[in-house]
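> Task: produce atomic coordinates for the following.
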Amino acid sequence: MIALWRNLRLGRQIQLTLLALLSLALLIYATLIIVASERLEHHLLDSLVSNEAELIRNRLLDDPGAQLPEQMLTLAWFAAGQRDDAPPALSGLPFGISHGVEMDGRRLHVLREDLSQGVLTVAVDISAIEARESTLQLVVVSGGFGLLVLLALAGRMLIRRLAMPLQSMAHELDALEPGQAAPAFLGRYNGVEAASIARALDAYIERLTTLIARERSFSAAASHELRTPLTVVRNALELVAMDDIPNPASRQALQRALRQAGRLSEILDGLMLLARDQDAVELDDCDAAVLLRECVDDLRDAQQKEVPIELDAPSSLRLNVLPAHWTVLVVNLIRNACEHGDGQAVAVSLSTRGLQVRDQGPGIDPAVLQRAFEWSVRGSHSKGAGLGLYIAAEICRRQNWEIRAERPREGGFAVIVEFAVSH
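Numbers count the residues shown, from 1 in each chain. As a prediction, this is how the structure comes out:
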């Protein structure tokens with residue numbers, strides 16, 4: 001019940017709260033009216049039957065054989081001595097006043113007195129009064145219910161009017177696209193609360209815009225500063241490669257360095273593209289299988305084959321993805337598996353359905369597993385910055401691919417990427 005209440009919108013919570021308070025107030029009000037009318041009725045009937053009894057007593061004092069009244073509403077019986085001539089429904093009543101006594105289809109208000117001359121019974125027919133009282137109670141209840149409905153409708157309209165500025169703000173914020181300038185909220189919404197929220201939103205958007213501009217400026221400056229020395233290194237390697245190097249191992253190492261310099265330049269371009277708006281990035285087509293094999297070979301050479309990497313991939317598989325993004329994705333996933341696999345073999349498989357990278361290490365805590373792709377989230381045995389899986393997840397998000405982390409039954413940790421293939 002508490003969870004259901006918390007999931008309701010604020011306006012609906014206010015409506016239900018007001019409805020409950022109004023219902024309680026009307027219930028108390030109707031109860032007080034009914035109780036007050038009952039007490040007033042009893043008081044009036046007590047006075048009426050007492051007055052009738054007094055008149056009869058005075059008449060009997062003057063003439064003990066006087067005829068008692070047998071009117072439509074008032075009935076009386078008097079029995080001298082120990083006799084009681086009242087009907088059986090009344091003769092068994094205690095002395096005093098009794099209310100709502102049923103007799104012959106009528107409801108009576110009865111007074112029985114033990115006089116020195118005998119027993120006096122006076123009854124007043126209250127059937128019509130009881131019927132009018134029931135009608136009055138029905139009117140009170142119906143009127144209270146109708147008033148409750150009217151107040152609920154009025155409260156709903158008022159709450160909608162009060163919540164309209166907040167809903168309008170929410171719709172405007174939801175409709176904003178990344179990179180789109182947000183209009184100023186302050187001045188377009190009336191009311192103290194709405195203006196306060198609008199002022200806070202404007203201040204937050206301004207800070208956010210300033211932060212994004214600063215980050216983009218830093219990214220552009222960093223890209224420029226990194227690209228220049230990288231170009232120098234790459235040109236120097238190309239000049240060295242033009243010479244005749246007799247040592248095959250040296251030639252192979254030089255070619256590997258050239259390939260890494262070129263890939264580093266592509267990775268830098270890919271990371272810069274990740275910092276841009278998604279709509280501004282045009283996807284390219286690449287042979288994912290060929291790039292994957294090159295990345296695996298480079299990782300094997302970089303770690304001097306300390307961790308075996310088992311690759312299962314087709315000879316060719318084209319994907320609609322930037323080569324730099326694909327390279328960053330697979331390198332981050334495989335490097336993460338090598339670092340956390342306790343030196344055991346890492347299995348990498350590629351198919352038309354997706355990519356899977358699995359290690360045989362201690363795995364990851366279940367609590368951390370749900371947040372494995374968040375910024376700076378690391379396992380208990382990790383020494384990294386927690387950015388590898390985050391960057392991989394960001395690339396998958398840009399590609400509309402699904403990425404998930406699992407703990408296989410056999411142990412270890414696995415990352416599965418499911419994508420659509422462009423042939």
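> Show me the contact partners of stretch 13-30.
5, 8, 140-141, 144-145, 147-148, 151-152, 155-156, 159 (CB atoms under 8 Å, 6 or more residues apart in numbering). C-beta coordinates here come from the backbone N, C-alpha and C atoms, glycine included.
> in the stretch 1-150 of the chain, which ranges drop under the pLDDT threshold?
The stretch 1-150 of the chain contains residues with pLDDT under 70 at 1, 5-6, 8-11, 61-73, 75-85.
> could you pull out the strands for it?
In the stretch 1-150 of the chain, the strands defined using DSSP state E, counting those that start in this stretch lie at 74-80, 96-103, 106-114, 118-125.
> Return the set of buried residues in the second one.
To tie it back to what came earlier, the one meant is strand 96-103. For strand 96-103, the neighbour count (16 or more other CB atoms under 10 Å) marks 97-99 as buried.
> Which strands or helices does it pack on?
helix 10-62, helix 88-91, strand 106-114 (3 or more CB pairs under 8 Å, 6 or more residues apart in numbering; DSSP states H and E).
> So for residue 243, which of those sits nearest?
Closest approach to residue 243 among these (CB to CB): helix 10-62, 74.5 Å.
> Give me the angle between that closest one and strand 118-125.
140 degrees (axes from the mean of the first three to the mean of the last three CA atoms, to 10 degrees).
> about what we covered before: and the contacts of stretch 13-30, which are buried?
Buried subset of these (neighbour count, 16+ other CB under 10 Å): 140, 144, 148, 151-152, 155-156, 159.
> thinking again about what came up before, same list (the buried residues of strand 96-103) but as TSV, adding distance to residue 106.
Below are the buried residues of strand 96-103 laid out as TSV (distance: CB to CB, whole Å):
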residue	distance to residue 106
97	17
98	14
99	13
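> and residue 190, how many neighbours?
9 (other CB atoms under 10 Å).
> can you pull the contacts of it?
Contacts here follow CB under 8 Å, 6+ apart; on that basis residue 190 touches residue 165.
> Let me know the secondary structure of it.
The three-state assignment at residue 190 reads coil, by DSSP: H, G, I helix; E, B strand; the rest coil.
> Distance check, it against residue 264.
To residue 264, residue 190 is 56 Å away according to CB to CB, to the nearest Å.
> what's the answer for residue 302, then?
From residue 302 to residue 264 the distance is 13 Å (CB to CB).
> Looking at these two, which is more packed in?
Remark: of residue 302 and residue 264, residue 264 carries more neighbours, 16 against 13, as counted by other CB under 10 Å.
> just to revisit the earlier point, ok, so of the buried residues of strand 96-103, who is nearest residue 33?
Relative to residue 33, and with distances defined as CB to CB, the nearest of the buried residues of strand 96-103 is residue 99, at 19.2 Å.
> show me the contacts for that closest one.
With CB under 8 Å, 6+ apart, residue 99 has these contacts: 42, 45, 109-110.
> Report the buried members of the residues you listed.
45, 109-110.
> Put together TSV for the residues you listed, with distance to residue 213 on each row.
TSV is the format used below for the buried ones among the contacts of residue 99 (distance: CB to CB, whole Å):
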residue	distance to residue 213
45	86
109	88
110	93
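> circling back to that earlier point, please narrow the buried ones among the contacts of stretch 13-30 to those residing in helices.
Of the positions in the buried ones among the contacts of stretch 13-30, 140, 144, 148, 151-152, 155-156, 159 sit in helices, assigned by DSSP state H.
> if I look at residue 23, how far off is residue 158?
Separation of residue 23 from residue 158 (CB to CB) stands at 17 Å.
> Make JSON lines out of the contacts of residue 99 and add distance to residue 60.
Below are those laid out as JSON lines (distance: CB to CB, whole Å):
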{"residue": "42", "distance to residue 60": "26"}
{"residue": "45", "distance to residue 60": "22"}
{"residue": "109", "distance to residue 60": "21"}
{"residue": "110", "distance to residue 60": "18"}
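> Of the residues you listed, just say which sits nearest to residue 370.
Closest to residue 370, out of all of those and judged by CB to CB, is residue 42, at 69.2 Å.
> Report the separation between the closest one and residue 113.
Between residue 42 and residue 113 the computed distance is 18 Å (CB to CB).
> Same question for residue 235.
Residue 235 is 128 Å from residue 113, by CB to CB.
> Same drill for those two, tell me which one is more crowded.
Applying other CB under 10 Å to residue 235 and residue 113 shows that residue 113 carries more neighbours, namely 18 against 11.
> do you know how far residue 244 is from residue 141?
From residue 244 over to residue 141 (counting by CB to CB), the distance is 107 Å.
> Which parts of the stretch 201-350 of the chain are helices?
With DSSP state H, counting those that start in this stretch as the criterion, the stretch 201-350 of the chain has helices at 248-275, 288-302, 323-340.
> rank these by pLDDT, which is bottom?
When those are compared by mean pLDDT, helix 248-275 comes last with a mean of 73.
> What is the neighbour count of the closest residue to residue 129 other than its chain neighbours?
Nearest non-adjacent residue to residue 129, counting by CB to CB, 6 or more residues apart in numbering: residue 41, 6.7 Å away. Other residues near residue 41 come to 17 when the count uses other CB under 10 Å.
> Alright, that wraps it up for me.
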